[in-house]
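Visitor: Coordinates for the following, if possible.
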Amino acid sequence: AVLIGWLPAYLEKRYGVPREAAGYWTMLPLLMTVVGVLPAGLVVDGLLSWTGNKFLSRTLTASAGLSLGGLLTLAAVWSTSPAQHVVLLSTGGLFAGFAAAPSWAATMDVAGRLSSVAMGVMNTVGAVGAFIGAETFGRVIGYIEKTEGDWNLFIYIFVGIYVASALSWLAVRPEVTLTKRED
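Guide: Numbering: from 1, shown residues only. From the prediction side, this is the model:
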């Protein structure tokens, strides 16, 4: 959400894309992230059915998606046109979208009967993160403009978030339920 919120300004400042066009181009990464979420549920369920392994189905699927999303986002640093840049970010978003379904499935696995509470906490933390991220990226853009710095700093921060998320997923153990289920 933060990327989408600041991408028009980034495209305008880095590539000189007119504001209205930058706004339209911003739809593609969001759309591709949504497209990535849709098959992720099928992949997560299919892997679990096929292997019976929740770690593979949830943890490795999310970590792999975020890793690929990070790599493709990093590749955008070397893009030579705004179109190429948006395509790389969009493809990165497609793979990062694969982390959504494992997030919800792993939460249900781990939290058991307290899944609704855990999901509420996840949404709250996500909203706080989006608020902080929006403020932070506004300041980053201001800093870059003021110092005539490298516009890629914007992308490096996102790549860092992807990498930190992918590595954090490796600590998730969805096969361990913290509460006893009451059916």
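Visitor: Show me which helix runs longest in the protein.
Guide: For the chain, the longest helix by residue count, based on DSSP state H, is helix 115-147.
Visitor: Tell me the buried residues in that helix?
Guide: In terms of neighbour count (16 or more other C-beta atoms under 10 Å), helix 115-147 has its buried residues at 115, 118, 133, 137, 140, 141, 144. Quick note: C-beta positions are derived from backbone N, CA and C, even for glycine.
Visitor: Now render those residues as TSV, adding distance to residue 82.
Guide: Converted to TSV, the buried residues of helix 115-147 look like this (distance: C-beta to C-beta, whole Å):
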residue	distance to residue 82
115	42
118	40
133	22
137	18
140	19
141	16
144	17
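Visitor: Just give me the closest of the residues you listed to residue 63.
Guide: Closest approach to residue 63 among the buried residues of helix 115-147 (C-beta to C-beta): residue 118, at 19.5 Å.
Visitor: ok, the residue most central in space within the chain to residue 102 distance?
Guide: For the chain, residue 96 is the residue whose C-alpha lies nearest the centre (C-alpha atoms, centre = their mean; 4.7 Å). In this view, residue 96 and residue 102 are 12 Å apart by C-beta to C-beta, to the nearest Å.
Visitor: anything in contact with each of these two?
Guide: Common contact partners of residue 96 and residue 102 (C-beta atoms under 8 Å, 6 or more residues apart in numbering): residue 65.
Visitor: now the angle between helix 115-147 and the helix or strand of the chain with the lowest mean pLDDT, please.
Guide: Within the chain, confidence by mean pLDDT, DSSP states H and E is lowest for helix 2-15 among all helices and strands, at a mean of 79. Orientation check (axes from the mean of the first three to the mean of the last three C-alpha atoms, to 10 degrees): helix 2-15 against helix 115-147 gives 20 degrees.
Visitor: next structured bit after helix 2-15?
Guide: Using DSSP states H and E, the helix or strand that follows helix 2-15 towards the C-terminus is helix 19-25.
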